[in-house]
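Trainee: structure for this input, please:
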Amino acid sequence: MDRIAGGVLLLFVISRVVIAAGARFPGSGWLNALALVSIVYIFARLLPWLRKKLLWSLRNRLITAYLFIAVVPIMLLLIMVGLSSYLLYLQFGAHLIEDDLQTRIRTITNVGHSVLDTLQTNGGGAVVDGDEILARPAVASLLRESRKRIADLHVDIHRGNNVPAREGDADGIAPPEVSELSGVFEYDGRLLMQAIISGETPEGAETVTVSAPVSPEMLDDLPPEFGPIQLTTMRPAGETEKPGLVIQLADRRFVPAGRIGSVRRRLHPAAHWFDVRVNGNSVFEAIFVEPRTHRVITAPVLVFFSVRPSQINHRLFSSLGALGDPLVLALSAIGVVFLLLEAAALATGIVLTRTITDTVAELYDATQHVRQGDFAHRVRIQRRDQLGVLGESFNSMTNSITSLIDEQRAKQRLESELSIAREVQDQLFPQKFPEIPGVEMAALCRAARTVSGDYYDFLALGPSRLGIALADISGKGISAALLMASLQGGLRSQAQQEGSVDTADLVERLNRQLLIDTLDDRYATFFYGVYDGTTRQLTYTTAGHLPPLFITGDRVQRLEEGGTVIGLLEGVTYTQGCIDVEPGSLLVAFSDGLVEPENVYGEQFGMPRLTEEVLRHRSAKVGSMAEEVLAAVEHWAGTQEQADDMTVVIVRWK
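Mentor: Predicted coordinates:
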């Protein structure tokens, strides 16, 4: 369809070129209609695209809105004023022509009445052609005055009643006293202004016929405001008329009978650029006398004329005299002022639109820069209005985004460093537990953050000797992890020294080392125990740490022997505890992260619940027992976020 419409338009352009060259192009009428349909079709097809392209911009949308709000109504009003003015000039022009004809017909009628009055007063039995009556001073004077306006005025006097019967009369007999018929008569395409007046005289009925032809000369004598004037007479259509010539008016059918046009009339030159030519037409009724029956019917006469608005205005305001021109000038000045105000309003609207759309365009351009990652771009602030504040907000937002991006990058670097620290810390925990006959061991640490401040270790001190360590470093994060690394290094160094069997002495040495290596506010709680498989004894020292649980049968013992925390005070001494290990005994060491979590009511998990959980799962494998204990603590807290690191170390002896 698009190609067909385009082809039709191309063919239309070719036909216009051919016709402009003076040649004949067959079927140009049909082609014009098809071209119009094609233009409408293509416009309908392009309308969505135009709307998308033109109205995408906010500026175009606002300008279009202004056009529809302001310009379009003004244009419609101007069109309405133009149409109203055209109808006014058309109506007034038709009125002037009809008024002039009616004035002439009244003049003819007055002449007829004057002649008939003379006949009724003086008698006319001996007069046949009426010359004597027409020569009488009163009638002759009236005729002279009338012929000054109607040059071809002609008077006939006949014996008897010769007034044609009107349409609707029962027969052709006129009323007995006076019968009168006047107007524009049509006889075989010719028009006559005619008055037929019949009345009783002393000698009997007399009929006075006064007529004047509607000729080109008479049309030239019509009011001077008009240009060329043409009359088209009509007659009733017969049964054999060609369909193309028949004009249907109301319930009657007519065909053109003849044309009468002015000869010397010329349209006045335009007084100004909008003094356009107004072509108009009107219809008046003529008296048509049927040739055979002499019955009177009405037939339309079409009047075509042209006129200038300036001439009509001059005629309209002529009754105001000297005030006419000033009033027209004042009205024109008011119209010019209104147009200037409308233009100023439109210009103001466009300027305001630009102030809005420029800011929006700046914001859109800034968003494109942001979209491409350019957060340094800033919107220019040109005015301190709401749009200016919006631009400042956008600049503030991009500043905030830049700061957030910097913070995000710093956080990513920190997370990367923490990830590395986590990997390093994972290497500090024992990767493989020592294999000591008759001993099962398990440990589990869940950090509250990326790195943990808890530390556990199993040390192989000989074929049958096992070192068990658990520490809780003060603080969290990187600093705690660094202190943990220092503690681990010191512990392994001290524990591997030959003859190192006293746990209290080892803890004292670790305390002195941490005092040297750490800050004053850093310390650690620590539990260290050594199991000797040959003597089946466990020696231990608890340095400020929560006492581990030692379970033998149904007896639960807390290993509390030791002293205060390490790395905080100088000259601290520690004691060593010793306990015999029976088959089936169980050691459970843990950090405070297992007993301090609170539920929604603020209750801590506490030692009794921890002991109860250990006893409930004492028969399970040590790895499963560690998982169940941690799960119970997490269930008690009811939240996925840990407040502290949770570490548990479980050792079972067979």
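Trainee: mind listing the strands for the stretch 101-250 of the chain?
Mentor: Listed in chain order, the strands of the stretch 101-250 of the chain (DSSP state E, counting those that start in this stretch) span 154-159, 178-187, 190-201, 204-213, 226-236, 247-249.
Trainee: same question for the stretch 251-400 of the chain.
Mentor: Using DSSP E, counting those that start in this stretch, strands in the stretch 251-400 of the chain cover 252-261, 278-289, 296-307.
Trainee: what strands line up against the last one, and which way round?
Mentor: Which is strand 296-307. Based on DSSP bridges, the strands next to strand 296-307 in the sheet, each with its direction, are strand 226-236 (antiparallel), strand 278-289 (antiparallel).
Trainee: most tightly packed of those?
Mentor: strand 226-236 (a mean of 20; mean count of other C-beta atoms under 10 Å). Heads up, the C-betas are built off the backbone N, CA and C, glycines and all.
Trainee: now the angle between strand 178-187 and that strand, please.
Mentor: 100 degrees (axes from the mean of the first three to the mean of the last three C-alpha atoms, to 10 degrees).
Trainee: what's the angle between strand 226-236 and strand 252-261?
Mentor: On the basis of the same axes, to 10 degrees, strand 226-236 is oriented at 140 degrees to strand 252-261.
Trainee: show me how far strand 226-236 is from its chain's centre.
Mentor: Once both centres are worked out by C-alpha atoms, centre = their mean, to the nearest Å, strand 226-236 turns out to sit 56 Å from its chain's centre.
Trainee: model confidence over that strand, on average?
Mentor: The predicted model gives strand 226-236 an average pLDDT of 89.
Trainee: could I get the strands of the stretch 251-400 of the chain as a markdown table with mean pLDDT and distance to residue 209?
Mentor: Listed next are the strands of the stretch 251-400 of the chain as a markdown table, based on pLDDT from 0 to 100; distance: least, C-beta to C-beta, whole Å:
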| stretch | mean pLDDT | distance to residue 209 |
| --- | --- | --- |
| strand 252-261 | 86 | 21 |
| strand 278-289 | 86 | 12 |
| strand 296-307 | 88 | 14 |
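Trainee: those strands: which one's closest to residue 549?
Mentor: Set against residue 549 and scored by C-beta to C-beta, the strands of the stretch 251-400 of the chain come closest in strand 278-289, at 116.4 Å.
Trainee: hmm, back to that, would you list the strands of the stretch 101-250 of the chain in JSON lines and tack on distance to residue 338?
Mentor: Rendered in JSON lines, the data for the strands of the stretch 101-250 of the chain read as follows (distance: least, C-beta to C-beta, whole Å):
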{"stretch": "strand 154-159", "distance to residue 338": "56"}
{"stretch": "strand 178-187", "distance to residue 338": "45"}
{"stretch": "strand 190-201", "distance to residue 338": "46"}
{"stretch": "strand 204-213", "distance to residue 338": "49"}
{"stretch": "strand 226-236", "distance to residue 338": "31"}
{"stretch": "strand 247-249", "distance to residue 338": "42"}
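Trainee: closest one to residue 104 among those?
Mentor: Once the strands of the stretch 101-250 of the chain are compared by C-beta to C-beta, strand 190-201 is nearest, at 5.5 Å.
Trainee: that closest one: partners in the sheet, and parallel or antiparallel?
Mentor: Each strand pairing with strand 190-201, determined using DSSP bridges, is listed with its direction: strand 178-187 (antiparallel), strand 204-213 (antiparallel).
Trainee: only alpha carbons, please: show the last one as CSV.
Mentor: Output in CSV follows, covering the C-alpha atoms of strand 204-213 (Å, rounded to 0.1, in the frame of the first residue of the first chain):
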residue,chain,number,x,y,z
GLY,A,204,-64.8,49.7,-18.9
ALA,A,205,-61.8,47.6,-17.7
GLU,A,206,-58.4,49.0,-18.7
THR,A,207,-55.0,47.3,-18.1
VAL,A,208,-51.8,49.3,-17.8
THR,A,209,-48.5,47.4,-18.4
VAL,A,210,-45.3,49.2,-17.5
SER,A,211,-42.1,47.2,-18.2
ALA,A,212,-38.3,47.6,-18.6
PRO,A,213,-35.9,44.9,-19.7
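Trainee: for it, which positions count as buried?
Mentor: Within strand 204-213, the residues that qualify as buried by neighbour count (16 or more other C-beta atoms under 10 Å) are 205-213.
Trainee: over to stretch 194-206?
Mentor: Buried positions in stretch 194-206, judged by neighbour count with 16+ other C-beta under 10 Å: 194-199, 201, 205-206.
Trainee: least confident of the residues you listed?
Mentor: residue 201 (77).
Trainee: I figured it hits residue 118, correct?
Mentor: No - counting by C-beta atoms under 8 Å, no contact exists between residue 201 and residue 118, whose distance comes to 9.7 Å.
Trainee: now do the domain split for the protein, please.
Mentor: 2-54, 81-307, 313-419, 429-653 (automatic domain parsing).
Trainee: mind checking which of the strands of the stretch 101-250 of the chain is nearest residue 315?
Mentor: Where those are weighed against each other on C-beta to C-beta, the nearest is strand 226-236, at 10.4 Å.
Trainee: how about the CA coordinates for the closest one, as PDB?
Mentor: Presented in PDB, the C-alpha positions along strand 226-236 are these (Å, rounded to 0.1, in the frame of the first residue of the first chain):
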ATOM      1  CA  PHE A 226     -20.100  45.600  -7.400                       C
ATOM      2  CA  GLY A 227     -17.800  44.100  -9.900                       C
ATOM      3  CA  PRO A 228     -19.200  41.900 -12.800                       C
ATOM      4  CA  ILE A 229     -22.800  40.700 -12.300                       C
ATOM      5  CA  GLN A 230     -24.400  37.800 -14.100                       C
ATOM      6  CA  LEU A 231     -28.000  36.500 -14.000                       C
ATOM      7  CA  THR A 232     -28.900  33.000 -14.900                       C
ATOM      8  CA  THR A 233     -32.600  32.400 -15.700                       C
ATOM      9  CA  MET A 234     -34.400  29.100 -15.000                       C
ATOM     10  CA  ARG A 235     -37.400  27.500 -16.400                       C
ATOM     11  CA  PRO A 236     -39.400  24.400 -15.400                       C
END
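Trainee: as a markdown table, the strands paired with strand 296-307 with distance to residue 386 would be great.
Mentor: Output for these, formatted as a markdown table (distance: least, C-beta to C-beta, whole Å):
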| stretch | distance to residue 386 |
| --- | --- |
| strand 226-236 | 61 |
| strand 278-289 | 52 |
